[in-house]
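In: requesting a structural model of the entry that follows:
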Amino acid sequence: MEQQFTLEETLATDLSQVMPLVERIAQKVLALTASAEETFQVKLALEEALTNAMRHGNLLIAKQVVTVKVKASRERIILDIHDQGKGFDFSNLRDPTQGENTERISGRGVFLMRKLMDDIEFYDAGSGVKMVKTFRLKPGA
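Out: Residues are numbered from 1 along each chain as shown. The predicted structure follows:
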């Protein structure tokens with residue numbers, strides 16, 4: 001079984017590129033962890049981060065890019081997503097589970113990323129996000 005993998009890729013700002021990359025990474029995670037649940041969590045957090053980077057960071061400007069770095073082992077995965085946007089105030093996000101925010105059609109991405117991953121850190125004024133998930137190792141794995 002493969003023990004680790006790394007990836008560094010630059011994507012054009014094109015939403016149709018998100019899922020093929022997410023699926024490729026998910027296959028590698030599943031091979032490492034043998035956990036469909038943890039693979040799904042990584043997959044959803046990565047999809048949210050990439051979509052946010054393209055839509056909110058790069059404002060869907062095709063000539064801008066999103067840089068994706070992945071370092072994964074059987075123990076954990078580190079995802080680093082960086083866009084070319086101006087960033088955002090990540091310290092002042094609405095809680096999508098409270099009040100009128102429950103009716104909004106957007107604003108759940110960062111909330112989901114925080115719930116699905118063990119650690120999430122924004123940098124470069126919010127243009128970059130680094131997410132870490134530690135995998136639960138199976139007995140005998």
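
In: which strands and helices sit next to the helix or strand bottoming out on mean pLDDT in the chain?
Out: When the helices and strands of the chain are scored by mean pLDDT, DSSP states H and E, helix 109-116 comes last with a mean of 87. Using 3 or more Cβ pairs under 8 Å, 6 or more residues apart in numbering; DSSP states H and E as the contact test, the elements touching helix 109-116 are helix 36-52, strand 119-123, strand 128-134. For the C-beta atoms, the positions are set from N, CA and C on the backbone; glycine is no exception.

In: and it with strand 119-123, angle?
Out: Following axes from the mean of the first three to the mean of the last three Cα atoms, to 10 degrees, one obtains 140 degrees for the angle between helix 109-116 and strand 119-123.

In: not counting residues beside it along the chain, what's closest to V42?
Out: V29 (5.2 Å; Cβ to Cβ, 6 or more residues apart in numbering).

In: what residues are up against the one you found?
Out: When contacts are counted by Cβ atoms under 8 Å, 6 or more residues apart in numbering, V29 touches E38, T39, V42, K43, A72, I77.

In: identify the farthest-apart pair in these.
Out: For the contacts of V29, the farthest-apart pair by Cβ to Cβ is K43 and A72; their separation is 12.6 Å.

In: ok, the two, which is more surrounded?
Out: Applying other Cβ atoms under 10 Å to K43 and A72 shows that A72 carries more neighbours, namely 24 against 19.

In: right, and that one touches D80 too?
Out: No - here A72 lies out of contact with D80, judged by Cβ atoms under 8 Å, at a distance of 11.8 Å.
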